[in-house]
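Student: Show me the folded form of this:
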Amino acid sequence: MMRRILPVLAGLLAAVPACAQAPVRIGLSAPLTGPDAAFGLGLRQGAEQAVADLNRAAGGRARWILIPADDGGDGRQAVAVARKFAADGVRLVVGPLESGAVAAAAPVYEEAGAVTVTTGASYTPLTGRGFWGLFRLRPSDAQQGRAAGAHLAKAFAGRRVGILNDRSTFGRGLADAVAARLKEAGAPEVLFDGFARNTRDLSDLVARLKAARLDAVYFGGLAPEAATLLHAMRDAGLGATLVASDGILDPGFPSAAGAAGEGTVMTLSPDLPRLPEPPGARPPPRSLEAESVSAAAYAAVELLARAAERAHTADSKTGRIAEGRKVAEALRAGPTHTLLGPVTFDPRGDRTDPPIGLRIWRRMPDGRLDYAGNDVADP
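Tutor: Predicted coordinates for the structure are as follows:
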């Protein structure tokens, strides 16, 4: 009897891997508390579902594990999270979300040999500091500025364009990118100026805009100042079209701008796809904020996991990533197919040719000022 059983056992043992791969940990640094907690929850939901789907595709075994951590959207807290991940050997990280948190934590991840994919940071210089392991999915401010410049060069060809900014690093970076693109198109702006945040009296500036006979004004800045500028322009009888970035994408913009905001053009990333439906279960309810970021977090997990698989650098016994640089090289070698479609990165870590759309704020039938569904087509 034993002689008949032994060959069967030998066959079964031969079918089992000699050493099963230990699960690889992926960290999530996100604002799970604080003012951006709704976005942090969406990031967590997207990342958790991506890990679950990857494990399901691997036959149901725990090939990947998500380690969520709360950075509160704060730079110091993000550094603390980065140090904890470094101490625990977590070398693949989604996040942080905010540009300031990324800037603070990036040196810690770099020193630890970790690869990070941020879904939200748009501050242009972040990827220009030579970090080999930093990647971002969202278009940079410079990429948005160049898209706006391309639109202005086409839609206002032969007409007069001015560029303003709120004198912040963010606003000036956008304005400079627009100016560079207009210059490349052979249609430089006729006026370049700015005003500080929280300025209430723009009468002198608007007088200069009127004297310049502008047909369009690009504004690099945030929603409160954009609304102030719009009211000042319309009160002075200047009907120039205002073009801005998603920096004006603020819940308070429609009410602050009011009727003056109608016709404002805005660059932004197109609507992201919804998460795939989990098999055999109803998806959890998600807020609009969560829905806006969950697909990007899902894609970030896909990018890290597939790059790690291509790099063959995970220790089979511990699951630790031995060489983060190989994972970074695999990410740059792309393209990687994700929920967002094929994603490639340039040598800096910026997404190559990220999709950037144009929306226009219009008065809707119910009286609301909204941009949803109001796509702008270039001439």
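
Student: residues touching Ala180, list them.
Tutor: Shown in contact with Ala180 (CB atoms under 8 Å, 6 or more residues apart in numbering): Gly145, Arg146, Gly149. (C-beta placed from N, C-alpha, C; glycine too.)

Student: what's the helix or strand for it?
Tutor: Using DSSP states H and E, Ala180 sits in helix 169-184.

Student: Let me see the mean pLDDT of whichever helix or strand comes after that helix.
Tutor: Going down the chain from helix 169-184, the next helix or strand is strand 191-194, by DSSP H and E. If you average the pLDDT over strand 191-194, you get 97.

Student: residues of the following helix or strand past strand 191-194 that come out buried?
Tutor: Where DSSP H and E defines the elements, the next helix or strand beyond strand 191-194 is helix 203-211. Neighbour counts over helix 203-211 (16 or more other CB atoms under 10 Å) mark Leu205, Val206, Leu209 as buried.

Student: Show me what helix 203-211 is in contact with.
Tutor: By CB under 8 Å, 6+ apart, the list of residues contacting helix 203-211 reads Gly162, Leu164, Leu191, Asp193, Phe195, Val217, Ala232, Met233, Ala236, Gly237, Leu238, Ala240.

Student: do the same with stretch 148-155
Tutor: So stretch 148-155 is contacted by 161, 174, 177-182, 184-185, 187, 216, 218, 243-245, 265, 267, 358, 376, 378-379 (CB under 8 Å, 6+ apart).

Student: Could you pull up the mean pLDDT of that stretch?
Tutor: pLDDT averaged over stretch 148-155 gives 96.

Student: With just CA atoms, put that stretch into PDB.
Tutor: Output in PDB follows, covering the C-alpha atoms of stretch 148-155 (Å, rounded to 0.1, in the frame of the first residue of the first chain):
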ATOM      1  CA  ALA A 148      -3.300  76.100 -22.100                       C
ATOM      2  CA  GLY A 149      -0.700  77.900 -24.200                       C
ATOM      3  CA  ALA A 150      -1.400  75.600 -27.200                       C
ATOM      4  CA  HIS A 151      -5.200  76.300 -26.800                       C
ATOM      5  CA  LEU A 152      -4.600  80.100 -26.700                       C
ATOM      6  CA  ALA A 153      -2.300  80.000 -29.700                       C
ATOM      7  CA  LYS A 154      -5.000  78.200 -31.800                       C
ATOM      8  CA  ALA A 155      -8.300  79.700 -30.400                       C
END
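
Student: in it, what counts as buried?
Tutor: Quick answer for stretch 148-155 (16+ other CB under 10 Å): Ala148, Gly149, Ala150, His151, Leu152, Ala153, Ala155.

Student: Out of those residues, flag the one nearest to Pro254.
Tutor: Nearest to Pro254 among the buried residues of stretch 148-155, counting by CB to CB, is Ala148 at 20.4 Å.

Student: Give me the pLDDT for the closest residue to Pro139 other than its chain neighbours.
Tutor: Counting by CB to CB, 6 or more residues apart in numbering, Pro354 is the residue found nearest to Pro139 once chain neighbours are left out, at 4.2 Å. pLDDT for Pro354: 91.

Student: Ramachandran coordinates for Pro354?
Tutor: phi -70, psi 140 (degrees, to the nearest 10).

Student: got a list of what it touches?
Tutor: Taking CB under 8 Å, 6+ apart as the test, what Pro354 contacts is Leu137, Arg138, Pro139, Gln143, Ser269.

Student: Mind checking which of these are in strands?
Tutor: Per DSSP state E, strands hold no members of these.

Student: Give me the nearest residue to Arg320, chain neighbours excluded.
Tutor: Arg320 sits nearest to Gly89 (CB to CB, 6+ apart), 4.8 Å away.

Student: what number of residues lie near that neighbour?
Tutor: 15 (other CB atoms under 10 Å).

Student: again with Arg332
Tutor: 17.

Student: List the contacts of it.
Tutor: Arg332 touches Phe345, Asp346, Pro347, Gly349, counting by CB under 8 Å, 6+ apart.

Student: Show me how to select, in ChimeraX, the buried members of the residues you listed.
Tutor: To isolate the buried members of the contacts of Arg332 in ChimeraX, using 16+ other CB under 10 Å:
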select :345,349
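
Student: Which of the contacts of Arg332 sits closest to Gly40?
Tutor: Taking the contacts of Arg332 together and measuring to Gly40 by CB to CB, the closest member is Gly349, at 22.4 Å.

Student: For Gly120, which three-state class applies?
Tutor: coil (DSSP: H, G, I helix; E, B strand; the rest coil).

Student: Verify the stated contact: it with Ala297.
Tutor: No. Counting by CB atoms under 8 Å, Gly120 stays clear of Ala297, with 9.7 Å between them.

Student: my read: Ala244 touches Val217, true?
Tutor: No. The pair Ala244 / Val217 is not scored as a contact, 9.2 Å apart, by CB under 8 Å.

Student: Looking at those two, which has the bigger crowd around it?
Tutor: In this view Ala244 and Val217 are compared by other CB under 10 Å, and Ala244 has more residues nearby, 30 against 26.

Student: Now do the SS call for the closest residue to the more buried one other than its chain neighbours.
Tutor: If the residues on either side of it in the chain are set aside, Ala244 comes closest to Phe219, at 4.9 Å by CB to CB, 6+ apart. Under three-state DSSP, Phe219 falls in the strand class.
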